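Q: Sequence first, predicted model second:
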Amino acid sequence: GPLLPFPRMIENRIRGRIEPYLDPIGRSLARLGIRPTLLTIIGLAVTVAGAVLIARDHHTVGGLVFLVGSALDALDGAVARVTDSATRRGALIDSVADRIGEAAVWGAVAFSLAGTPRLVMAVIFCLAGAMLMPYLRAKAEAVGADGRGGMLGRGERVVILGIGLVFGWMEPVLWILLVGISVSVVQRFWAIWQRLDD
């Protein structure tokens, strides 16, 4: 439809190109006996550690730790894929860990920017939109519809926010994310609306 100039997330467009690079790492980790769920938990722990650093105004180091934690979390799928060990329970843990990690980092950013109310409000709206994206997908898939769509997915949000933290560009990055996330929510809602038959 005309309201969906980006019907798929950028992440989905490049995932096929990234997976060939992640799979060898996944195989190496699998040979070491590392299970996908362990990587999920380690990735979450590292992400939360990054959030603590961000809350203490160590934005550059905290942003780097946050990006490392997110990268570790991305490897759990590679391990599950190469070992054919993907399970519904593992997917549940991964999804919950993603939400906890993202909420922790957004909360840390809000805490760090507490002296600037307009930026705190921007963070709150970004967090709300970030939580709405997977909620919309889950609601759609619960009734058998495709729940994907929207310009920015979690991968894009992580990269953009991480760049803002590492390079000290928090205010412009927050406004970019606020607009991008808001547009993405509308895109996903409209895409799902069109796929529902009643």
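A: Arrived safely, thanks for sending.
Q: Pull the contacting residues for Asp57.
A: Neighbouring residues of Asp57 by C-beta atoms under 8 Å, 6 or more residues apart in numbering: Ser112. Heads up, the C-betas are built off the backbone N, CA and C, glycines and all.
Q: Check the residue nearest the centre of the chain and give its pLDDT.
A: Centroid-nearest residue in the chain: Arg154, 2.5 Å away (criterion: C-alpha atoms, centre = their mean). Note for Arg154: predicted pLDDT of 85.
Q: Nearest residue to it in space, please, no chain neighbours.
A: Nearest non-adjacent residue to Arg154, counting by C-beta to C-beta, 6 or more residues apart in numbering: Asp98, 6.2 Å away.
Q: Name the next helix or strand downstream of the helix or strand where that neighbour lies, please.
A: Assigned by DSSP states H and E, Asp98 belongs to helix 88-112. Sequence-wise, the next helix or strand downstream of helix 88-112 (DSSP H and E) is helix 117-142.
Q: Which helix or strand in the chain has the lowest average pLDDT?
A: helix 10-31 (a mean of 66; mean pLDDT, DSSP states H and E).
Q: Show me the shaky parts of this protein.
A: Scanning the chain for pLDDT under 70 picks out the ranges 1-21, 198.
Q: run the last query once more with 90
A: 1-40, 70-95, 140-156, 191-198 (pLDDT under 90).
Q: Correct me if wrong: Arg188 contacts Gly149.
A: Yes: contact criterion C-beta atoms under 8 Å: Arg188 and Gly149 qualify, at 4.5 Å.
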